[in-house]
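> Predicted structure and sequence below. I'll ask about it afterward.
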Number of protein chains: 2
Amino acid sequence: MLVDGKNYEGIWLDEDDPAVVKVINQQKLPFSFEISDLRCVEDAWQAIREMVVRGAPLIGVTGAYGMYLATLEINAYTNVPDHLSNAARYLISSRPTAVNLSLSVNYVLKKLLNNIHSKNLSRIALTAARETAEKEKNLCREIGIHGLKLIEDLSKEKEGEPVNILTHCNAGWLACIDYGTALAPVYFAHDRGIPVHVWVDETRPVNQGARLTAWELGKKGVPYTLIPDNTGGYLMQKGMVDVVIVGSDRTSSTGDVVNKIGTYLKALAAHDTNIPFYAAVPSTSIDMQITDAYSEVIIEERPPEEVTMIKGIEDGEMHQVRICPENTIAANWGFDITPARLVTGLITEKGIIRANSEDIKNLFSD
Amino acid sequence: MLVDGKNYEGIWLDEDDPAVVKVINQQKLPFSFEISDLRCVEDAWQAIREMVVRGAPLIGVTGAYGMYLATLEINAYTNVPDHLSNAARYLISSRPTAVNLSLSVNYVLKKLLNNIHSKNLSRIALTAARETAEKEKNLCREIGIHGLKLIEDLSKEKEGEPVNILTHCNAGWLACIDYGTALAPVYFAHDRGIPVHVWVDETRPVNQGARLTAWELGKKGVPYTLIPDNTGGYLMQKGMVDVVIVGSDRTSSTGDVVNKIGTYLKALAAHDTNIPFYAAVPSTSIDMQITDAYSEVIIEERPPEEVTMIKGIEDGEMHQVRICPENTIAANWGFDITPARLVTGLITEKGIIRANSEDIKNLFSD
C-alpha cells in the first residue's frame, strides 16, 4: 500500500541486513511513521505483545518471521529441535486469541523440524515465513474481490449516493500484509470509482480505529468519519449505515466470530435494525477445532493502563495522559464473541458464505 | 453528598453574595475540584452548553437559577416580560435533548409572569429555582428507595456475592442535586451494607463515566471497575453483570428512553443475554408530549473536537491531546434511543413501572 508515494507492506526483511526484520510501528501511528527492527525472537514476541504489530494476519506472519529469527540464534551448542520448539511456544504465548499466530508459527516449525539436519535452516524458515505473508496477502486480495461485489450491489440500490460502511477496529492493510480484510472491499470499491464513506469506530481502549483505520483511509483518500464506539447504534437507528464489515481474530467452525471487543454490540444493533453485518474472514482465521467459542477461545486480558491512560499529541509533542481518578481499577478484555446468528455472512477468499457449520466445512473441502 | 468530609449539592447560592450562583465545575473533575461562579444568564447558558454542569436534573435546576440571574439583570429600562421570556428561550437553547431544562425554566418563568408587577421578582425566582432543586432531590431519594428493593432482591439471589451493576454515563449526584438517579439505589444499598460492585462505562467522548462516575463512587467508597464502552457486551455474555441501570434525558410517553449515546447498545446486549435493564427516571424526565422518540426528540450534535481531542493529566499537568490524524472529520451525537421493548422497567419516584403508555399514564394520574 502506498504511503506518501512509497509502497509498503506490513513486514519485510531488511534489504541491507538479512538479520533484521522490519515492521511499521503501529503504536506510533498516526503521530509518527516509524519503522522498527526485530533482531531476535524476543523482539518479535515484544512487538506482538505490545501491539507494535497487530491484526490477526500480521501477527501470524510476524510469528513466522520470529521463527526465522530463531534460526539465526542457533550456534554449535544449540539443541536445535528443542530451541525451535521452545521459540515457537514462546512466540505463540505473546497473544492468545488470534488463531493465525499459532497456525503460522507451527507452519514454519514443521518445515524446520522436517529438515532439521539441513545446513540452511534460516533459508527454509525465511522461505516459509514469506509463504505465510504471500498467502495472507493473496487471501486478502480475494476477499477484496468478493466483498467488492457486495458494495457494488449496495451502490446500485443507493443510486450514486455513497455506500456507508461501518467498521470496528482496524482490519485494513496495517493488520495484514496488504489490502486488509474488512477494508479490502472498501479499497477495491474506491479504486473503481464507487462512492463509499466509512464510519470509523475509534475502538477503545487502544484506538485502532482512531489511530490506524483513520490514518489508512486518509492516506488512500477514502472519505471517512471518526465516531466514538457508542455512536454506531444511533447511526443504524437513523438509517445512516448500509453495511457493517469487520475482521475476525478467530472464527469458530460454527461461525461464531471472535473479534475486537465491542464487535458484538455492533452486530446486535445491525441485527435490530436490519442492516447486514459481515465479517471478512480469511480461512486462516477460522479455527475448525472450536465448536463453542464461548468456552473454548481464550479472551485476552490486557493491561488496565490501556484503559486509564491515553496517548495523543499536543503542540507536536506526545503525551500519555490519565483520563480518570488516580488509582482507578480498570478491566481490559481484548475481544468478544459475535454469535453466528447475528452474522449475515462471512466474506472469505472463496466467496461469501453463511456463518454456519455446513458452509464453513465446505470451505475447507476443496 | 460528602466530598472529603464537606457536604455538597450540585448547585447553590453563594452564602456571602446573593448575586452569585455556585456550581461544581464538572469539566475539571476528576483532575481538580473547582467551584465555578454563575453571575448572569450568559454564564448559566455557557455552563450548561459546555457541560460545566450536566445531567438532566441538574441542567434543569441550573436553567431555573439562570432565570433567577435574569431577574437580577432587570433595570428601570427593561421590558420585564420580554426580558424574562427571552432569557427563558435562550437558556432552553443551551442543550436541546433533556426535557428537564425547558420544564424547570418554564416553571420559573410562569411564576414570574404570574407576578410580573411584584417588587420581589428575584425572590420569587429564587424560591422557584430552589423548589425545582428540592423537587429533583426528593425524586432522586424516592428513586433510590424503590431501586434499593431491586438490588436487595438481586443480593438475596447472590447469597453474599456482590451485585454487579453496569451503568453508562453519569447519573449520580453530580448529574442531579443529590443522590443521583441511576446511582441512588447503589448508594442506598452500599449504605445498608449490601455488597455492590459497579461496572463503569467510560462513556466516550466526554468520559462522564471515567471522570465523574468513577470519582463519585470512589469518594463514597463504592467498589467499581472502569471499562471501555466496548466491554459491557462481553461482561454480559460471561454472566458478570446482574443488572444494568442508566439514567434518562427524556423518556417518551410510550417508554422509549433517550439517554447518553451508547445506552441503546447496552440495552441490546442486556436483552440478548437476559439481563434486566432499568432506566431510573424521575417523572420530570418524562415528556408526555412525545409519542415517537425517533422522530420527535432532537438529538444534540456536539463539537467534533470532543471526539478528536481528549483531556487528561500527566505528571500533575493537564493536557488536551489529539488522538487521531490531523484534520480528521468526526461526528458527535450526544444521545440515542432505547426502545421501550428493551427496557425491563422504569425506576420512578413512585415505584418501578413497565416502560409502556399505560403505566406511564398512571404515573401522572394521581
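Sure, I can see it.
> Just the pLDDT for residue A:1.
Residue A:1 is assigned a pLDDT of 85 by the prediction.
> Likewise for residue A:366?
With respect to pLDDT, residue A:366 has a value of 67.
> Equivalent analysis for residue A:4, please.
In this model, residue A:4 carries a pLDDT of 87.
> Tell me how many other residues surround the closest residue to it other than its chain neighbours.
Spatially, and ignoring its direct neighbours in sequence, residue A:4 is nearest to residue A:219 (7.5 Å; Cβ to Cβ, 6 or more residues apart in numbering or on different chains). Heads up, the C-betas are built off the backbone N, CA and C, glycines and all. By the criterion of other Cβ atoms under 10 Å in any protein chain shown, residue A:219 has 18 neighbours.
> Would you agree residue A:219 is in contact with residue A:7?
No. Between residue A:219 and residue A:7 there is no contact under Cβ atoms under 8 Å: 11.9 Å.
> ok, now how distant is the residue nearest to residue A:4 from residue B:324?
As for residue A:219, its distance to residue B:324 is 13 Å (criterion: Cβ to Cβ, to the nearest Å).
> Also residue A:51?
Distance, residue A:51 to residue B:324, by Cβ to Cβ: 17 Å.
> So for the lengthiest helix in chain A, what gets flagged as buried?
For chain A, the helix that runs over the most residues, judged by DSSP state H, is helix A:121-158. With burial defined by 16 or more other Cβ atoms under 10 Å in any protein chain shown, the residues of helix A:121-158 counted as buried are A:121-122, A:124-126, A:128-133, A:135-137, A:139-140, A:142-148, A:150-151, A:154-155.
> helices and strands around it, which ones?
If you count contacts as 3 or more Cβ pairs under 8 Å, 6 or more residues apart in numbering or on different chains; DSSP states H and E, helix A:121-158 packs onto helix A:56-72, helix A:99-114, strand A:163-167, helix A:184-191, strand A:243-246, strand A:277-280, strand A:345-348, strand A:351-353.
> show me what contacts the residue nearest to residue A:4?
By Cβ atoms under 8 Å, 6 or more residues apart in numbering or on different chains, the contact set of residue A:219 is A:1, A:2, A:3, A:4.
> Spatially nearest residue to residue A:38, not counting backbone neighbours?
Closest to residue A:38 by Cβ to Cβ, 6+ apart is residue A:21, at 4.2 Å.
> quick revisit: show me whatever sits in contact with both of residue A:219 and residue A:7.
With Cβ under 8 Å, 6+ apart, residue A:219 and residue A:7 have common neighbours residue A:1.
> who's in contact with whichever residue of the stretch 1-150 of chain A sits closest to chain B?
Closest approach of the stretch 1-150 of chain A to chain B (Cβ to the nearest Cβ) occurs at residue A:30, with a separation of 4.2 Å. By Cβ under 8 Å, 6+ apart, the contact set of residue A:30 is A:211, A:212, A:214, A:215, A:218, B:324, B:325.
> Sitting in helices, which of these do you find?
A:214, A:215, A:218.
> Those residues: which ones sit near chain B?
Restricting the ones in helices among the contacts of residue A:30 to those touching chain B (Cβ under 8 Å from any Cβ of the partner chain) yields A:214, A:215, A:218.
> so which of those residues is the most crowded?
Highest neighbour count within these: residue A:214, with 28 neighbours (other Cβ under 10 Å).
> Report how many residues lie close to the residue lying closest to residue A:106 once chain neighbours are set aside.
Spatial nearest neighbour of residue A:106, chain neighbours left out: residue A:88 (6.5 Å); criterion: Cβ to Cβ, 6+ apart. Residues contacting residue A:88 under the criterion other Cβ under 10 Å number 23.
> my read: residue A:88 touches residue A:64, true?
No. Judged on Cβ under 8 Å, residue A:88 makes no contact with residue A:64 at a distance of 10.1 Å.
> Could you pull out the residues contacting both of the two?
Common contacts of residue A:88 and residue A:64, defined by Cβ under 8 Å, 6+ apart, comprise A:105, A:108.
> any idea how far residue A:68 is from residue A:129?
Look at residue A:68 and residue A:129: by Cβ to Cβ, they are 5 Å apart.
> what's the overlap in contacts for the two?
The contact sets of residue A:68 and residue A:129 overlap at residue A:108 (Cβ under 8 Å, 6+ apart).
> sorry, back to before: for the residue nearest to residue A:106, what are phi and psi?
For residue A:88, the backbone dihedrals (degrees, to the nearest 10) come out as phi -60, psi -50.
> Of all residues in chain A, which one is nearest the centre?
residue A:55 (2.3 Å; Cα atoms, centre = their mean).
> OK, contacts around it?
Counting by Cβ under 8 Å, 6+ apart, residue A:55 touches A:10, A:170, A:171, A:174, A:175, A:176, A:247.
> Would you reformat those as CSV and include distance to residue A:343, secondary structure and pLDDT?
Below are the contacts of residue A:55 laid out as CSV (distance: Cβ to Cβ, whole Å; DSSP: H, G, I helix; E, B strand; the rest coil; pLDDT from 0 to 100):
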residue, distance to residue A:343, secondary structure, pLDDT
A:10, 26, coil, 91
A:170, 20, coil, 97
A:171, 15, coil, 97
A:174, 24, helix, 96
A:175, 19, helix, 95
A:176, 20, coil, 94
A:247, 13, coil, 97
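> quick one: average pLDDT of the helix or strand containing residue A:264?
Residue A:264 is located in helix A:263-272, with elements delineated by DSSP states H and E. Mean pLDDT, computed over helix A:263-272, is 98.
> near chain B, anything from that helix?
Yes. On the criterion Cβ under 8 Å from any Cβ, helix A:263-272 is in touch with chain B at A:264, A:265, A:266, A:268, A:269, A:272.
> Just the CA atoms of that helix, as CSV, please.
Extracted C-alpha coordinates of helix A:263-272, given in CSV (Å, rounded to 0.1, in the frame of the first residue of the first chain):
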residue,chain,number,x,y,z
THR,A,263,-17.9,-6.0,17.8
TYR,A,264,-20.8,-7.9,19.4
LEU,A,265,-22.6,-4.7,20.3
LYS,A,266,-22.5,-3.5,16.7
ALA,A,267,-23.7,-6.9,15.4
LEU,A,268,-26.7,-6.6,17.8
ALA,A,269,-27.5,-3.2,16.6
ALA,A,270,-27.2,-4.2,12.9
HIS,A,271,-29.5,-7.2,13.6
ASP,A,272,-32.0,-5.0,15.5
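> Near chain B, which residues of the stretch 151-300 of chain A? Just list them.
Selection of the stretch 151-300 of chain A residues close to chain B by Cβ under 8 Å from any Cβ yields A:202-205, A:207, A:210-211, A:214-215, A:218, A:224-234, A:237, A:260-262, A:264-266, A:268-269, A:272, A:294, A:299.
> one more time with 7 Å
The interface of the stretch 151-300 of chain A toward chain B, taken as Cβ under 7 Å from any Cβ of the partner chain, is made up of A:202, A:204-205, A:207, A:210-211, A:214-215, A:218, A:225-231, A:233-234, A:237, A:261-262, A:264-265, A:268-269, A:272, A:294.
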